[in-house]
Structure formats: structure tokens, C-alpha cells
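**Student:** model this:
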Amino acid sequence: MRAIIYLRVSTQPQRERGYGLQEQKEICQLEANRLGINKKLIFTDTLSGDTNIYHRPGLKKALLALKKGDCLIVSHRDRLAKRAAIMLDIASIVHNAKAQLIIATEHHRISNQSVLQLTVEDLIAEKQLNDLRNNTRAVLQKYKQENKRVGTIKFGYKQAEGNRLEVNKEEQKAIGYARKLRKLDYTFEEIVKDMSDLNFMGRNKKPFGITQVHRMINNNNDSNIKSSKENNANRNSLVKTLRLKGYSIGQITRELNRQGFATKKGTPLRNTQTHRILGQTNIQGPHTNRFVPYGFQKSPTGTLYVCLPEQEVITLVQTLRKQKKYSYSQIITHINAKHTSRAGTPFGKTQIIRMLQKQVCI
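**Tutor:** Numbering: from 1, shown residues only. Now for the predicted structure:
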């Protein structure tokens, strides 16, 4: 039997200062000792308790580590979840693993019989959370009606008397210098380096990053800046041209960022966003799949043709599977003894399944 201890704080500053983490750890370890469990595994998250299970890496690892007879221990119930639906999911996963869920401060084991009680209590906690959010929104709305500032001040400005904004000359100087270099065809990396050499600093007294420079150059209302629709048309046209020339998604993204195109927030474009732009332009190109299907190769013209060594691997996997005495783990062991994937790494179960289903895209 093992104690799988799960700790959670909501923000990174809380984690760095140790708020709650050490206290949670001590409570959970005392409960494990009371139960006579010596072997302990500890997992932590720095996320809101309202976050889904699958977006909490620490909790995912803790649940995957559970084995028959283990105990998942948390100091307080809200460390696991603040929503009843999430709590029920966790309780179900623990039950299916034939493990136990223990709330240390309550010395309470969550069994199938107590799931209903758990749901009622968590629904009450969820109502309290919603009330807190509504109160926060009401306070923010009140501040706005009283003309009190409730957001961050845009870079290049500062707050003056009477809740007015006035130009911050030092920050405007940095913005002007970044735009000047951009007009001289400097790349964003070169602008960042040049501004760092000249000791231009952000509000946190640190050198500017690429994202901040993007925002300086793109977040403005100058009349000489092209309208959003015209900018998008030029961007789509460039994407279409580059794609028909055989550029990859990554190459297109780098070229768009080099030429100053950015997101609505002024941040650099990413490959995912370039994919979406390609979908808007309806350009398929020679081969638009991000990966060439396993068992094939791509020619310089973009057409696909059979890759015999990879096809042999697929045939071998399918042959072994037809012999019912071979399990997936045995097939993986047999294949990895002689072959490796394109990345030079061993094959995994998912890749073997794709080969068997002929949905090969490794």
C-alpha cells in the first residue's frame, strides 16, 4: 500500500512563497503515518481548483500512479476540486483503480456509499464559489461606475490626476525607436537585441522580449497603419503564395512574423494560427498534412510515394497480430528489437494500433 499525496495552490506566487503547500504536505503525511503507510509519493499543481482534470498535470500523474490498495490523500476537499462534476470524476477514477480517496482533515474515506453525500457538499461549495465570483464582478462594476481604474495601463501611457491617462515620454521613446528599426527592415530578434544594448527596459526593469516588441509595433491607432481587413487580405495572399511554392507551415509562420504580421493582441503568430489561415484561404498545396503518413515518402514536388522499409514494418506488425498469441506488448518488443520510428525512437502502442488500423500517421 502506498500514499499518493496531492497538493495544490492556485497561483505561482503562492507556490514560490510556500503558502499552503508545506501545511498541506504535513497534514497529508500525518494522515499517512496514522494509517501506517510508509511509502509516499507527492504530486503538486499550481492551478485553480476549477480546472479540468486533464489540464492539471500533477493530478493526472497522481491518478495514473494509483494501484490496487493505494490511498489518494488530500489535506482538504477543495484541494481536489471546487466543482461537484470534477469531484465525481476523480472519485470514479479512484474507485475504478480499486484505491481509496481520503480527506486528511476530516479523517474521512470516500466510498461508493458516501458519493451522494460528497456530491451534495460539493454542490454547496460550488454555489459558494459562484457567489464569490458574482460579488467580484459586482465590485468591479461599481468601480467602473465610480470611474475607478480596474485594468492595466497601456504601455506608453501613465495615470494622471482625475483618473486620466497621459503620455509616458520614456515608454513612448521606446515605442518610437522599435517602430523606427522595424521600418528599416530589422527583424524582431534584432530589434530586441538592439534595444537591450541601449538599455531600454520594460516596467519590470527587465529587457524587452519579442512579444512586447510585437505589441509595441502592432498595437496602435496610427492613420498610416493599414486597416485590419486590408492587413488580413495581405496576410492571406502571402500565405497562399508561400504555400503554393511548397513552404512548410513552420517556414510560412517564420516569414509572416519576419514581415511584421501578428495576432490581434500583437503577439507573434504560431503554427496553429497559420493552419487556421490556410483553412480560411482554402489552399491545399501539394500536401497539407503536417506529417507524411507512415509508410510513404514525400517527393520534392509534394506527391507521396511508397516507402518500402516502412511498409515492411507495417506488414510485419499486421502479420504478428494475425497470430493471436502475440499481444501488443509482445509486438512492440519484437518490432523495437530490429526497427525504430522515423524519429529514431522506439515504437509505442498507439503507433502499432495505427498500423493495424491502416490509419498510419506517425
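**Student:** Of all the helix elements in the chain, which one is longest?
**Tutor:** Longest among the helix segments of the chain by residue count, using DSSP state H, is helix 115-145.
**Student:** now that one: mean pLDDT?
**Tutor:** Averaging pLDDT along helix 115-145 gives 76.
**Student:** Heading C-terminal from that helix, find the next helix or strand.
**Tutor:** Once helix 115-145 ends, the next helix or strand along the chain (criterion: DSSP states H and E) is strand 157-159.
**Student:** other SSEs contacting that next one?
**Tutor:** strand 165-167 (3 or more CB pairs under 8 Å, 6 or more residues apart in numbering; DSSP states H and E). Every C-beta, even on glycine, is put in place using the N, C-alpha and C of the backbone.
**Student:** Tell me the secondary structure at the closest residue to Ile277 other than its chain neighbours.
**Tutor:** Excluding its sequence neighbours, the residue lying closest to Ile277 (CB to CB, 6 or more residues apart in numbering) is Val239, at 5.1 Å. Secondary structure state of Val239, per DSSP: H, G, I helix; E, B strand; the rest coil, is helix.
**Student:** what about Val239, neighbour count?
**Tutor:** Using other CB atoms under 10 Å, Val239 has 23 neighbouring residues.
**Student:** Got the confidence number for it?
**Tutor:** 87.
**Student:** residues touching Cys71, list them.
**Tutor:** Met1, Arg2, Ala3, Ile4, Ala32, Leu35, Ile37, Ala99, Gln100, Leu101, Ile102 (CB atoms under 8 Å, 6 or more residues apart in numbering).
**Student:** As JSON lines, the residues you listed with neighbour count, distance to Leu244 and pLDDT would be great.
**Tutor:** Below are the contacts of Cys71 laid out as JSON lines (neighbours: other CB atoms under 10 Å; distance: CB to CB, whole Å; pLDDT from 0 to 100):
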{"residue": "Met1", "neighbour count": "15", "distance to Leu244": "62", "pLDDT": "84"}
{"residue": "Arg2", "neighbour count": "18", "distance to Leu244": "58", "pLDDT": "92"}
{"residue": "Ala3", "neighbour count": "21", "distance to Leu244": "59", "pLDDT": "93"}
{"residue": "Ile4", "neighbour count": "30", "distance to Leu244": "54", "pLDDT": "93"}
{"residue": "Ala32", "neighbour count": "22", "distance to Leu244": "62", "pLDDT": "91"}
{"residue": "Leu35", "neighbour count": "16", "distance to Leu244": "66", "pLDDT": "89"}
{"residue": "Ile37", "neighbour count": "18", "distance to Leu244": "63", "pLDDT": "89"}
{"residue": "Ala99", "neighbour count": "21", "distance to Leu244": "56", "pLDDT": "89"}
{"residue": "Gln100", "neighbour count": "19", "distance to Leu244": "60", "pLDDT": "88"}
{"residue": "Leu101", "neighbour count": "26", "distance to Leu244": "56", "pLDDT": "89"}
{"residue": "Ile102", "neighbour count": "22", "distance to Leu244": "61", "pLDDT": "90"}
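**Student:** Of those residues, which belong to strands?
**Tutor:** Among the contacts of Cys71, DSSP state E puts Ala3, Ile4, Gln100, Leu101, Ile102 in strands.
**Student:** With Arg79 as the reference, measure out to the third one.
**Tutor:** It refers to Gln100. In this view, Gln100 and Arg79 are 16 Å apart by CB to CB, to the nearest Å.
**Student:** quick revisit: could you list every helix and strand in contact with the longest helix of the chain?
**Tutor:** helix 84-96.
**Student:** in the helix it packs on, what's buried?
**Tutor:** Within helix 84-96, the residues that qualify as buried are Ala84, Ile86, Met87, Asp89, Ile90, Ala91, Ile93, Val94, counting by 16 or more other CB atoms under 10 Å.
**Student:** Send me that helix as PDB with only the CA atoms.
**Tutor:** Presented in PDB, the C-alpha positions along helix 84-96 are these (Å, rounded to 0.1, in the frame of the first residue of the first chain):
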ATOM      1  CA  ALA A  84     -19.100  18.700  -8.000                       C
ATOM      2  CA  ALA A  85     -18.800  17.300 -11.500                       C
ATOM      3  CA  ILE A  86     -14.900  17.300 -11.300                       C
ATOM      4  CA  MET A  87     -15.000  15.700  -7.800                       C
ATOM      5  CA  LEU A  88     -17.300  12.900  -9.000                       C
ATOM      6  CA  ASP A  89     -14.900  12.200 -12.000                       C
ATOM      7  CA  ILE A  90     -12.000  11.900  -9.600                       C
ATOM      8  CA  ALA A  91     -13.900   9.700  -7.100                       C
ATOM      9  CA  SER A  92     -14.900   7.400 -10.100                       C
ATOM     10  CA  ILE A  93     -11.300   7.100 -11.300                       C
ATOM     11  CA  VAL A  94     -10.100   6.300  -7.800                       C
ATOM     12  CA  HIS A  95     -12.800   3.700  -7.400                       C
ATOM     13  CA  ASN A  96     -12.000   2.100 -10.800                       C
END
